[in-house]
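**Q** take a look and give me a structure for this.
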Amino acid sequence: MFGRGGGDAQPGRAGRVVALDPDRALVRGAQADPARFEALYRKYLAQVYSFAFCELRDHHEAEDVTERTFLAALDALPRFREEAGADPANPEASTFRVWLFRIARNALANELRRRRRRPTAPLEAAFGVAAPVDVAARAAARVEASAAWAAVDRLPDDRRRAVILRFVEEMSTAEIAGVLGRSEGAVRVLLHRALRAVARDLETGR
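**A** Sure thing, here's the model as predicted:
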């Protein structure tokens, strides 16, 4: 996965320093010249594809969703408004990365709706991308990755996505909150309940 670089900072209210979007320069460059969007595309391509594949477990569908995500992001980029640091309680809620993953989440939701209208064959247990480290936390330490993934697949949508964003994409709770449109506290609850559910699943050998 790509690491997060340090962003710029500026004085906030009462002299408090707030972090700015680390992609600020790249975003402004792409807004001025769409050809420079390629830098953002290259930076986040693997992350968006990984997120899509973990949801869909199909390489072709994940590629399609990834392509739709970046096309939509490029089209909407002139309207992107940076708000990183605007909310001291959630300084990462409106970075370019979070905004991009919101677009990916919507593209995935549309794809899953299409699937439900036209059911396909059962999903294969494909593991072409890196599995999350200790996806079911300590409870799954002795369980094979395939069993853990199967348990994650059975989680409700928001819980499953929270687990993927946290353990595959290595997002902070603030970033996940921005992607899912939840508070940080709600994200912590989602993760806690998801990991407990996965652990129970594995313990019962479902």
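**Q** from here on, just use CA atoms for contacts and neighbour counts.
**A** Noted.
**Q** pull the helix or strand with minimum mean pLDDT from this protein.
**A** Least confident helix or strand, the chain: strand 17-19 with a mean of 47, by mean pLDDT, DSSP states H and E.
**Q** which ones are touching the most centrally placed residue in the chain?
**A** Closest residue to the average C-alpha location of the chain: residue 165 at 4.2 Å, with CA atoms, centre = their mean. Under the criterion of CA atoms under 8 Å, 6 or more residues apart in numbering, the neighbours of residue 165 are 51, 171, 176.
**Q** so it, which state does it fall into?
**A** Assigned with DSSP: H, G, I helix; E, B strand; the rest coil, residue 165 falls in the helix class.
**Q** pLDDT score for it?
**A** We have a pLDDT of 92 for residue 165.
**Q** can you tell me how far it sits from residue 184?
**A** Distance, residue 165 to residue 184, using CA to CA, to the nearest Å: 13 Å.
**Q** same question for residue 149.
**A** 24 Å.
**Q** just the C-alpha atoms of the helix or strand that the least confident helix or strand of the chain is followed by, please, in CSV.
**A** Scanning forward in sequence from strand 17-19 by DSSP states H and E, the next helix or strand is helix 24-32. C-alpha atoms of helix 24-32 as CSV (Å, rounded to 0.1, in the frame of the first residue of the first chain):
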residue,chain,number,x,y,z
ARG,A,24,-3.2,19.6,-2.0
ALA,A,25,-0.5,20.5,-4.5
LEU,A,26,-1.4,17.6,-6.7
VAL,A,27,-5.1,18.4,-6.6
ARG,A,28,-4.5,22.1,-7.4
GLY,A,29,-2.2,21.1,-10.3
ALA,A,30,-4.9,18.7,-11.7
GLN,A,31,-7.6,21.4,-11.3
ALA,A,32,-5.4,23.8,-13.3
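**Q** if we can go back for a sec, so what's in contact with residue 165 and residue 184 at the same time?
**A** Joint contacts of residue 165 and residue 184 (CA under 8 Å, 6+ apart) are residue 176.
**Q** domain parsing for this protein?
**A** Structurally, the chain divides into domains by automatic domain parsing as follows: 1-128, 131-206.
**Q** helix or strand for residue 43, which one?
**A** Assigned by DSSP H and E, residue 43 falls in helix 38-56.
**Q** mind giving me the packing neighbours of that helix?
**A** Contacts defined by 3 or more CA pairs under 8 Å, 6 or more residues apart in numbering; DSSP states H and E place helix 38-56 against helix 24-32, helix 59-76, helix 96-117, helix 157-167.
**Q** and with 6 Å instead?
**A** Packing contacts for helix 38-56, counted by 3 or more CA pairs under 6 Å, 6 or more residues apart in numbering; DSSP states H and E, involve helix 59-76.
**Q** how near is the residue nearest to residue 23 when sequence neighbours are not counted to residue 156?
**A** Distance criterion CA to CA, 6 or more residues apart in numbering; nearest residue to residue 23, sequence neighbours excluded, is residue 96 at 6.6 Å. From residue 96 over to residue 156 the distance is 26 Å, taken as CA to CA.
**Q** which one of these two has more residues nearby?
**A** Using other CA atoms under 10 Å as the criterion, residue 96 and residue 156 rank with residue 96 on top: 24 against 11.
**Q** what distance do you get for that one to residue 176?
**A** For residue 96, the distance to residue 176 - CA to CA - is 13 Å.
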